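*Asks:* no letters, just coordinates:
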């Protein structure tokens, strides 16, 4: 319908963020009122993308559930066939559900198995390759401490890509990013840099990967005490802040902790209110643990810092004066609590080990800085 097409064109022209998401919600409502099935699916798909990549990812599951229900009601129980684009979107929504499950520790391991079975059945139904299924399995098995089994999934992923079957995710940049992740999981820094180069030089284009691969390298450098790496990739991320649509300034906290404390304080003030309300616990874990580092380093320079925090913050002070040591302890405890929730579900201290690596890496970097002065 012309009205729904106009609404689509309007929100497509809007910048990413809450206003765009709210407009798409209006388009979803209108497509429901008009009972236009094609737009009901399309608008929910676009809303899911907006929330997943430009909002609070933890809130996307209900929309995914609505999409899958609408799709299956029409195409599983009638003779009408979906278009290839609709099949792509249907399978991608399954993949997104698997990714979002990782963000929410309150979702059980049993629910993961149920999601996984449904995803597998959908891939079989439409004769798609299984690479993205193996991709999901790889990361979950690592978080359960089953590293050998995870490596089998990586090999399965590579083999399935080689078959030439249609895959749910056909982005070359995303595939290359997985190669970088795998190399880092193998602690092969040189291999990771080699795998990252086609993304960084634009050979493989992907809207998210240039930023994300730099973030990946920055965090790995931090956890391995590589001071030069933290500086190099931090500077490159700062340079992208003004023009990269996928930029997330909170991911720069490791760099700010060692090289620009005032800018780190500004970033925290800007985003902290949203962080306190976030459903996405995996992103919050990173944000909290790197803010912990920020205040550990701040405590070396400041007895107190002046910060504008929301009144919902448990340590809120009307005068805005905070002790960095107290803030560091709060962010550390929150990080540890989230890590323990994930690890309890997965049955292995994966995230607690990452916290320990963050601490160890920070100590190495500080020692390097002292030794060089």
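*Replies:* Here it is on my side, so go on. Computed from a prediction, not measured in an experiment: that's the story for all the values here.

*Asks:* sketch out the low-pLDDT regions of the stretch 151-300 of the chain for me.
*Replies:* For the stretch 151-300 of the chain, the stretches flagged by pLDDT under 70 are 207-209.

*Asks:* redo that, cut-off 90
*Replies:* Filtered on pLDDT under 90, the stretch 151-300 of the chain yields the residue ranges 164, 169-173, 201-211, 242-247.

*Asks:* how about the strands in the protein?
*Replies:* Listed in chain order, the strands of the chain (DSSP state E) span 305-306, 321-322.

*Asks:* what comes into contact with the last one?
*Replies:* To tie it back to what came earlier, the one meant is strand 321-322. 304, 305, 306, 307, 309, 315 (CB atoms under 8 Å, 6 or more residues apart in numbering). In this view, the C-beta of every residue, glycine as well, is placed from N, C-alpha and C.

*Asks:* next, count neighbours for the last one.
*Replies:* Think residue 315. By other CB atoms under 10 Å, the residues close to residue 315 number 11.

*Asks:* got a list of what residue 139 touches?
*Replies:* Per CB under 8 Å, 6+ apart, neighbours of residue 139: 102, 150.

*Asks:* cool, and residue 163?
*Replies:* Applying CB under 8 Å, 6+ apart, we find residue 163 in contact with residue 129.

*Asks:* burial of residue 318, as a residue count?
*Replies:* Look at residue 318: counted by other CB under 10 Å, it has 6 neighbours.

*Asks:* do you know how far it is from residue 143?
*Replies:* Per CB to CB, to the nearest Å, residue 318 is found 41 Å from residue 143.

*Asks:* same question for residue 101.
*Replies:* From residue 101 to residue 143 the distance is 11 Å (CB to CB).

*Asks:* cool, residue 95 as well?
*Replies:* Distance of residue 95 to residue 143, given as CB to CB: 17 Å.

*Asks:* pLDDT score for the spatially closest residue to residue 94 that is not a sequence neighbour?
*Replies:* Of all residues not flanking residue 94 in the chain, residue 119 sits nearest, at 4.4 Å (CB to CB, 6 or more residues apart in numbering). If you check residue 119, the pLDDT there is 96.

*Asks:* list the contacts for residue 119?
*Replies:* So residue 119 contacts 91, 94, 95, 97, 98, 133, 136 (CB under 8 Å, 6+ apart).

*Asks:* which of the residues you listed has the most neighbours?
*Replies:* residue 133 (25 neighbours).

*Asks:* surely that one touches residue 121?
*Replies:* No: if you go by CB atoms under 8 Å, residue 133 and residue 121 don't touch, sitting 10.7 Å apart.

*Asks:* show me where the stretch 101-250 of the chain has helices.
*Replies:* 109-125, 131-143, 147-162, 172-185, 189-200, 209-223, 227-240 (DSSP state H, counting those that start in this stretch).

*Asks:* among those, which comes closest to residue 67?
*Replies:* Closest to residue 67 of the helices of the stretch 101-250 of the chain, according to CB to CB: helix 109-125, at 12.4 Å.

*Asks:* can you give the distance of the closest one from its chain's centre?
*Replies:* 21 Å (CA atoms, centre = their mean, to the nearest Å).

*Asks:* tilt between it and helix 131-143?
*Replies:* Using axes from the mean of the first three to the mean of the last three CA atoms, to 10 degrees, one finds that helix 109-125 and helix 131-143 are set 160 degrees apart in direction.
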